[in-house]
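Participant: I'll drop the sequence and a predicted model, then ask my questions.
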Amino acid sequence: MRSFFTKVFPFLFYGLLFVFLAIYLQSIDYSVFKDVQLNWWFLVIAFIFAMFFRYWTAYIWVVLLRNLGAKSIRLTRDLLYVYAKSWLGRYIPGTAPWILGKIYFASQHGISKNKLAVSSLLEGALQIAVLMAISLLLLISDSRLDVVGSQYKFLMVIGLIGCFISLLPPVFNFFVGLAYRIFKKKALSIEHYASARTISLGAAMYTFGALINGLSLFFIAKAMYPDLGYEQLSFVIGVGTLAGAVSMLALFAPSGLGVREGIQLALLSLIMPTEIALLVTIATRLLSLVCDGAFYGISYLLKQSHR
C-alpha cells in the first residue's frame, strides 16, 4: 500500500494542484483593475520583498533540519526546487499536501522522512505562534481597534500571553508531539524534541520573515493608495501577520483563500476607503500567485542549469 502511494503521489499532487489553481484563477474578477492607477515602483518593491520572503523561509527549513540532526544538509539548488515545488501544495485544500510534498520530494534526496515530518510540524507551529504574537503586539494598543470593545482587547492580551507560553520548550514540544502522533500514528521520540535554542532561533528567523512579508503588503497598498503614510507601517504589518496566522489555521482553505482576504479587507478598511482595501486584498493574492510561480520557475531553471 505504501509503495503504491509513493508511485501515485506525484500524479495526485500535480493533478490536484492544476485543478485548484485553475479554479482559483477563474474565480478572480480581473476587470476591477481596469481603471486603477498603479505606482509600479512600489509594486516592484513589494515583489522583491515577497520573493525574498520565500527564499528566506526555504533557508529556515534547512536550518531547522540541521538543528534536528541533519548536519550535512545545505540549501542546494535541488533542495530549493523541492521547497518551491512543495510550496505550491498550499493551493490544495488542507495542510497535508504541503507537508507531504516536502516529505516525499525531499526524501528522494536521501533526507530522513522522520526528520522531514518533524521539521514540517516545527515550521507550522513556529509560524503560527510567531505571526500571532507579532500581530497582537502591533495591533493590541492601536486605538483604531477600540471599536471591538474592551472584552475583545482583553482576549487579545490573553492570546498574546498564550503565544509566548506556547514557545516554551515543554509546551511547544507537547503540541508538536500531539500533532506528530495524529499525523504519524506514533509518539515523537525525545531525540526529535526541539531545544530552547532551536525554538528561539526559529522564532527569531520567522519574526524577520514576517516583517519582510508585511513590508510587501504595505508597498502593495502604497502602490494603489498613495495617501497611505509610513506611520501606518506597523498597523499594516500587524494586519498582514494576523491574516497569515489565521489563514494557516483555516485548514479547509487552499493557501488561506478567503480567510486571509477577509481579515485584510476588514482591517485595512480602517485606514483607507473600503473599495481600495478590496483592491489591495485582491492584488495581494495575485502578487502572491505571481511570486509563487516565479519562485518555482527560478528554482527549476537553477536546478536544470546545474546539470
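Facilitator: Nice, thanks for sending it over.
Participant: If you drop the residues flanking it in sequence, what lies closest to L131?
Facilitator: In this structure, L131 finds its nearest non-sequential neighbour in A245, 3.7 Å apart by C-beta to C-beta, 6 or more residues apart in numbering. (Each C-beta comes from the backbone N, C-alpha and C, glycine too.)
Participant: Next one: the closest residue in space to S112 that isn't next to it in sequence relative to L79, how far apart?
Facilitator: The shortest distance from S112 to any non-neighbouring residue, by C-beta to C-beta, 6+ apart, is to A70 (6.9 Å). A70 is 11 Å from L79, where distance means C-beta to C-beta, to the nearest Å.
Participant: quick one: which of these two has more around it?
Facilitator: Per other C-beta atoms under 10 Å, whichever of A70 and L79 has more neighbours is L79, with 22 against 16.
Participant: which other helices and strands contact whatever helix or strand S216 lives in?
Facilitator: For S216, the host element (DSSP states H and E) is helix 196-224. On a contact count with 3 or more C-beta pairs under 8 Å, 6 or more residues apart in numbering; DSSP states H and E, helix 196-224 meets helix 40-67, helix 113-139, helix 169-184, helix 233-249, helix 274-305.
Participant: Compute the inter-axis angle for it and helix 169-184.
Facilitator: Between the axes of helix 196-224 and helix 169-184, defined by axes from the mean of the first three to the mean of the last three C-alpha atoms, to 10 degrees, the angle is 80 degrees.
Participant: From the chain's centroid, how far away is helix 196-224?
Facilitator: 10 Å (C-alpha atoms, centre = their mean, to the nearest Å).
Participant: Tell me how confident the model is about it, as a mean pLDDT.
Facilitator: The average pLDDT within helix 196-224 is 93.
Participant: Next: stretch 91-98.
Facilitator: pLDDT averaged over stretch 91-98 gives 73.
Participant: about what we covered before: in three-state terms, label the residue nearest to S112 for me.
Facilitator: The assignment at A70 comes out as coil when based on DSSP: H, G, I helix; E, B strand; the rest coil.
Participant: For it, list the residues it contacts.
Facilitator: By C-beta atoms under 8 Å, 6 or more residues apart in numbering, the contact set of A70 is I111, S112, K115.
Participant: Taking the centroid of the chain, which residue is nearest it?
Facilitator: G244 (6.3 Å; C-alpha atoms, centre = their mean).
Participant: pLDDT at that residue, what is it?
Facilitator: pLDDT, read off for G244, is 87.
Participant: ok, the nearest residue to it once chain neighbours are set aside - how many residues close by?
Facilitator: Closest residue in space to G244, ignoring its immediate chain neighbours: L131 at 5.0 Å, by C-beta to C-beta, 6+ apart. Look at L131: counted by other C-beta under 10 Å, it has 26 neighbours.
Participant: Also A50?
Facilitator: 24.
Participant: What separation do you get for it and G159?
Facilitator: From A50 over to G159 (counting by C-beta to C-beta), the distance is 27 Å.
Participant: Repeat that for A194.
Facilitator: 22 Å.
Participant: Show me which of the two is the more surrounded one.
Facilitator: A direct count of neighbours by other C-beta under 10 Å for A194 and G159 places A194 higher, at 24 against 14.
Participant: residue contacts, the more buried one?
Facilitator: N67, L68, L122, P169, F172, N173, V176, G202.
Participant: How about the backbone phi and psi for it?
Facilitator: Per-residue torsions, A194: phi -80, psi 130 (degrees, to the nearest 10).
Participant: residues touching the residue nearest to L131, list them.
Facilitator: By C-beta under 8 Å, 6+ apart, the contact set of A245 is Q127, I128, L131, M132, S135.
Participant: rerun that using 6 Å as the cut-off
Facilitator: By C-beta atoms under 6 Å, 6 or more residues apart in numbering, A245 lies in contact with I128, L131, M132.
Participant: for I140, same thing?
Facilitator: By C-beta under 6 Å, 6+ apart, I140 lies in contact with M156.
Participant: Next one: it from A125, what distance?
Facilitator: In this structure, I140 lies at 22 Å from A125, with C-beta to C-beta as the measure.
Participant: Check N67 too.
Facilitator: 14 Å.
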